[in-house]
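In: Mind folding the following:
(chains A and B)
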Amino acid sequence: MATRRQQSARDDPRRDLAGAAWAHEREAELTRLRRRRRRDQRFRAYAVGAVFLASAFLLFFLSDLVMKGWPALQQAEILTEVRFEPDILDDIGVAFPEPVRDLVSRAAKRSIAQEAEIAEIRVPVQLDAAAKAPRTAVQPLSITQADMPPWERDFEPTTIPRKQLLTLVGERGLDQIRTRLIESPATPEGATSASGSVAMWLVGSPKLQRFMRGQGRLPESLHETAALLERAGQVRMGFDHAAFGPDGKTLRRWVLADADVDQYLKGYDYMRPGNYAKPDRAPISRETAERIERLHAAGRIELRFNDEFFLRGDSKIPEAAGMRAAIIGSVYVVGLVFLVVLPLGVLTSIYLEEYAPDNLLTQTIEVNINNLAAIPSILFGVLGLAAFINFFGMPRSSVMVGTAVLVLMTLPVVIIASRAALRAVPDSIRYAGYAMGASRWQVVQHHVLPLSISGIMTGSIIGIAQAMGETAPLLIVGLVSFVPEGPTTPLDPTTVMPAQIFSWWSMSLRAFQERAALAILVLLLVLFTLNGLAVLIRARSERKW
Amino acid sequence: MVTRSERRDAISSQFQSLVKNRPTPDGTDDGDAILELDDFSVFYGDFPAVHRLRLGMPRRQITAIIGPSGCGKSTLLNAINRMTDLIPGARVSGRMRLNGEEVYGNRMDVIWLRRRIGMVFQKPNPFPKSIYDNVAYGPRLHGKRDRDELDTIVERTLKESALWEEVQTRLHANAMSLSGGQQQRLCIARALAIEPQMVLLDEPTSSLDPQSTARIEALLEELRGHYTVIIVTHNMQQAARVSDYTLFLYEGEQIEFARNTQLFLNPQQEQTEEYIAGRFG
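Out: Numbering: from 1, shown residues only, chains lettered A, B, ... in the order given. Next up, the predicted model:
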C-alpha cells in the first residue's frame, strides 16, 4: 500500500507541468542549484585557504631558518704567515705577525700549538754493532728514586720492559734511531751506560701523543706506565724539530679568524653589544674594525666555506664549533635503534596478529601497546634515568642509554604500523596457503611477510624519523652534555643532533645561534630524506592482489 | 492441482538428460568409501552448523553437496581438511575417517592431512607470484627442489587443468594478470600439483562466466576415476551434470544422500523433491 506521502507525491500537480508553470518551476529549481554551487565553492575556498595558510607558515618558518643559518656556511679566515719556531710554545701569539695577532681564533692558535709540539720519550738505545734493527736497539728503562720529583718519596725502583717502551716510541722515533745507527754510532748524547747505550729523546707514538694531550685512553697497564714516565720526567712535550727543522719554519696559511671578525664581515653592527662575544660592551674598537677592512680589501681576510662545521665536534669557541659529533652520535644511536626495533617490532606484531589467541591477555597487551604509543616522550626519559641509569647502571649520556630510551619509544609505533600492514593482507591468501599444507610459520614467511614488507618498512622509517628528532627524553638521560668527540663504542658519551641544537640555541652568542639554525636545516634535510624514502617505498610497491 | 506423480515426472524429465549413469571406477556396484562420516557434527560455539551426518563418500567418484544458503555445505567441506581448526570457537563431535584413519584423532597430523587433500575456493585466490611459482608451491613445500622435476609437474598439472595452451609462453607472468576463469583453473592446477587423494571444491564456478564454467566441468569429468572429488554447489543442474553422488543438506541436517540416478530422478524425501523442484532455496 502506498503511504500518504507517496500518494501525495504521485498526485502532486508539479510533476506534470506544462508551459509557463513549467518555466517558473524550472527557475526556482535553478536558483536552488546555483545557491548550492556557491556554497560548494565557498567550502572549496576555505579548504584552499587553509592549505595556503599552512604553506605560508611553513614558508615563513623555513625562510627564517635559512636566513639565520645560511651565514653559518661561511666562516672568516685569515691568510697569514705562521712561524713554526720553538719560542711559540711558550706564547703562541708570537707565531703570528702583529697586525693579525688578536684577530686569529683561539682555536686556530691552539691547533697550531699542537701541531708545533710533539711528545718525546727518553729511551736507552744501544748504538753499537750488536744492535742491527732499531727495534732491537731499544733497551729497558730503569727508573730509580733519583728520577722522581722530590715529593714522591719511597719510590720502588722499577724497570720498564722493552715491549712497553716500543709501543710508546713511534715510527718517527724508530727512524731517528735508524738515522743514528747509520751515522757514527760512537757519538754519545746525554748519559751513557757501561754497555754502550745512549739515552735518546725520541718522538713518541700516536698513543703517547694522545696520552700527553689528554685525548682518549690507553689500556690500563700502558696508561700507568706512561703516567709514571711522565712523573719521572722521561716524557716531555717539545718542539717538533723533526717536522720543522732545527730552526723552525715559517708557513703561509689560511687560519680561522675570531668570531668577532667573522661577525663583522657578515655585516652585523659591531658597535652593538650582544652581537659578538662580549655582551656588555662594544666588542671591537673602531681601530680594529678599520684594520679588518684594510686586510679584507687586501684579500688577506675572506669569508670561505665553513667545512669546519661538518668536520669538527662541539666547542666552547664559537667559530670552531661543528656538528660532526652530533651527526655521528645521531647516526650511531638511530642506527642501533633501527637494528633493535625492526626485528623486535616485526616479530611481536607477527605474534600478535597470526599466533596469539583472542583472549584477555592478548587484548591487554594490545591496549598497553596502543597506550605506550601515546605517552609523552619525556616520560621515557625519566624511565631511562630511573631504570637504565640508576638501576641497571648504564653510563649516563652514553649511546647505550640513548638507544634504550629511543627503542622503548619507537617500538609501539613500529608494532602498530606492522600490524596494520599484516592485517591488510587478505585472508584468502592465508587460507590458500593453509589448504596446501603449509604450517603457520610457512604461511607467514611465504605469503604474509612478502606482501606486507613495504607497509612495515614505511612504518618503521617513519618511526625512525621520529626517533631522530626526539629531544626531551634524551636531554633527561644526559645526551645534551658537552661532548666534543663522536662516540666509538656504545659506552661512550654522545650527543645527538636535536640535543646539540638545543644547547647551541641556549647560548647568547650570535655565532652559536647561527650554527643552531644551520644544524636545524641539516636535521630537517635528514628528516625530509627519511620521510621521502618512506613515501617512495610506499608508492613503488604495487598492490599485487 | 498438480499431483505428486505429475510433479515427479516433471522433475524427472528435467534432470533425465543431465544425470549420468557412469560405471564405478573399479567395476563394483558401489565404490568403496574413502571418507566415512559417523554421527559427525560441527559446532560454531553452541550452534550446530552441521548435525550428525552419517555417510560414506565414494572413492574416485564425484560427490556433490547441495542445499540452500547457510545449510552447512562449506562448513562440511572445510571440516574435511580441518580448515575449521583455524576458526576460533569451532569444534566437532562424532567421527570422520579418511581411509580408515581418524581425521580428528590425536595421532592425525594436520599438515600431513592437508597435503593429501587439495582445496579450491569459491573466489579464485592464486598467490601473487608467477604462474609457475603458484603451481610449484605445493611440490616445493613437499621438499622438491629439482628444477626439471618441477618443470614436469607444472606442465602436467597445467595440461590437466586445461590451462597449458594459454599460459605456456608466459609461465613467469604474475598470476594476477589472468582472467577469473584462468585463475580458477590455476588454483585447480595448484591443488593437483601435490597429487592429492581428494580434491575439495567449494562452489568453484559460481563467480565465473558460462564458458569457464563449462571448461571446469569438463575438467572435473576428466578427474573422475583418478581423484576423489567433492564439490559444493548451489546449482542443482551442475550437480546433476557433474557428479555421481549427491548429498542434500538442509539447515545442517542430512536430508538425503544417494546416487544421482536416485536422488534426482526418484528422490526418497519430500524435502529433496521440493528443493530440486525449485520450490524453495
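In: only C-alpha atoms for contact and neighbour calcs from this point on.
Out: Noted.
In: Output the contacting helices and strands for the helix or strand encompassing A:R538.
Out: Taking DSSP states H and E as the definition, one finds A:R538 inside helix A:510-540. Applying 3 or more C-alpha pairs under 8 Å, 6 or more residues apart in numbering or on different chains; DSSP states H and E, one finds that helix A:510-540 contacts helix A:19-69, helix A:449-468, helix A:497-505.
In: same thing but at 10 Å, please
Out: helix A:19-69, helix A:259-265, helix A:308-311, helix A:324-350, helix A:449-468, helix A:497-505 (3 or more C-alpha pairs under 10 Å, 6 or more residues apart in numbering or on different chains; DSSP states H and E).
In: Could you pull out the buried residues of it?
Out: For helix A:510-540, burial by neighbour count (16 or more other C-alpha atoms under 10 Å in any protein chain shown) applies to A:510-523, A:527, A:530-531, A:533-534, A:537-538.
In: Repeat that for stretch B:112-121.
Out: Those buried within stretch B:112-121 under the rule 16+ other C-alpha under 10 Å are B:113-121.
In: low pLDDT regions in chain B?
Out: Counting by pLDDT under 70, chain B contains low-confidence residues at B:1, B:24-31, B:281.
In: would you list every one of the strands in it?
Out: Remark: strands assigned in chain B by DSSP state E are B:33-44, B:47-58, B:62-66, B:90-98, B:101-102, B:117-120, B:198-202, B:228-232, B:245-250, B:253-259.
In: Of the ones you listed, flag the one that's most buried.
Out: Ranked by mean neighbour count under mean count of other C-alpha atoms under 10 Å in any protein chain shown, these are led by strand B:117-120, which reaches a mean of 28.
In: residues near whichever residue of chain A sits closest to chain B, how many?
Out: Each residue of chain A has a distance to chain B, by C-alpha to the nearest C-alpha, and the smallest belongs to A:G437, at 4.7 Å. Burial of A:G437, expressed as a neighbour count using other C-alpha atoms under 10 Å in any protein chain shown, amounts to 25.
In: Spell out the secondary structure type for the residue lying closest to A:G345 once chain neighbours are set aside.
Out: Once its chain neighbours are removed from consideration, A:G345 has its nearest residue in A:I415; the separation is 4.9 Å (C-alpha to C-alpha, 6 or more residues apart in numbering or on different chains). Look at A:I415: counting by DSSP: H, G, I helix; E, B strand; the rest coil, its state is helix.
In: Same question for the one 10 residues further on.
Out: When classified by three-state DSSP, A:V425 comes out as coil.
In: Was I right to think it contacts A:I456?
Out: No. Contact criterion C-alpha atoms under 10 Å: A:V425 and A:I456 do not qualify, at 12.0 Å.
In: out of the two, which sits in the busier spot?
Out: The residue with the greater number of neighbours, taking A:V425 and A:I456 and applying other C-alpha under 10 Å, is A:I456; the counts read 25 against 17.
In: Return the distance of that one relative to A:S541.
Out: 12 Å (C-alpha to C-alpha, to the nearest Å).
In: Likewise for B:N266?
Out: According to C-alpha to C-alpha, B:N266 and A:S541 sit 57 Å apart.
In: Close to chain A: what parts of the stretch 1-150 of chain B are there?
Out: Counting by C-alpha under 10 Å from any C-alpha of the partner chain, the positions of the stretch 1-150 of chain B adjacent to chain A are B:78, B:81-83, B:86, B:88, B:110-121, B:123-129, B:137-139, B:141-142.
In: ok, residue 50 - contacts?
Out: Went with chain A since none was named. Listed by C-alpha atoms under 10 Å, 6 or more residues apart in numbering or on different chains, the contact set of A:A50 reads A:44, A:56.
In: um, chain B though
Out: Counting by C-alpha under 10 Å, 6+ apart, the residues that B:V50 touches are B:40-44, B:71-76, B:79, B:92-93, B:249-254.
In: Recalculate using a threshold of 8 Å.
Out: With contact set as C-alpha atoms under 8 Å, 6 or more residues apart in numbering or on different chains, B:V50 has these partners: B:40-43, B:71-72, B:75-76, B:251-253.
In: go on, B:Q197?
Out: Shown here is B:Q197, whose contacts under the criterion C-alpha under 8 Å, 6+ apart are B:116-118, B:227-228.
In: can you do 10 Å?
Out: The neighbours of B:Q197, taking C-alpha under 10 Å, 6+ apart as the test, are B:34, B:59-60, B:115-118, B:226-229.
In: next one: B:Q168
Out: B:Q168 makes contacts with B:131-132, B:154-155, B:158-159, as judged by C-alpha under 10 Å, 6+ apart.
In: PyMOL command for the buried members of those?
Out: Applied in PyMOL, the following selects the buried portion of the contacts of B:Q168 according to 16+ other C-alpha under 10 Å:
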select buried, chain B and resi 131+132+154+155+158
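In: ok, now which ones touch residue 223?
Out: In the absence of a named chain, this looks at chain A. In this structure, A:H223 makes contact with A:207-208, A:211, A:217, A:229, judged by C-alpha under 10 Å, 6+ apart.
In: Can you look at chain B instead?
Out: Under the criterion of C-alpha under 10 Å, 6+ apart, the neighbours of B:L223 are B:60-62, B:160-161, B:192, B:199, B:217, B:229.
In: how about low-confidence regions in the stretch 101-250 of chain A?
Out: Low-confidence segments of the stretch 101-250 of chain A (pLDDT under 70): A:129-132, A:184-196.
In: re earlier: okay, and the common contacts of A:V425 and A:I456?
Out: Counting by C-alpha under 10 Å, 6+ apart, the contacts common to A:V425 and A:I456 are A:L449.
In: Any buried residues in stretch A:350-362, and which?
Out: A:350, A:352-354.
In: My read is that the residue nearest to A:G345 contacts A:V407, right?
Out: No. Counting by C-alpha under 10 Å, no contact exists between A:I415 and A:V407, whose distance comes to 11.7 Å.
In: What's the end-to-end length of stretch B:266-278?
Out: According to C-alpha to C-alpha, stretch B:266-278 extends 15 Å from its N-terminal end residue to its C-terminal end residue.
In: what sits against residue 218?
Out: Went with chain A since none was named. Counting by C-alpha under 10 Å, 6+ apart, A:L218 touches A:207-208, A:210-211, A:224, A:226.
In: look at chain B instead
Out: B:161-162, B:212, B:242.
In: Turn these into JSON lines, including distance to chain A and neighbour count.
Out: Formatted as JSON lines, the contacts of B:A218 follow (distance: C-alpha to the nearest C-alpha, whole Å; neighbours: other C-alpha atoms under 10 Å in any protein chain shown):
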{"residue": "B:S161", "distance to chain A": "17", "neighbour count": "25"}
{"residue": "B:A162", "distance to chain A": "21", "neighbour count": "19"}
{"residue": "B:S212", "distance to chain A": "21", "neighbour count": "18"}
{"residue": "B:V242", "distance to chain A": "24", "neighbour count": "23"}
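In: Just flag the most distant two among the residues you listed.
Out: For those, the farthest-apart pair by C-alpha to C-alpha is B:A162 and B:V242; their separation is 16.9 Å.
In: Can you pull the domain assignment for the chain?
Out: Since no chain was named, I'll use chain A. Listed domain ranges for chain A are A:71-79+A:248-306, A:87-244, A:324-540 (source: automatic domain parsing).
In: ah, I was thinking of chain B
Out: B:1-108+B:198-219+B:230-281, B:117-195.
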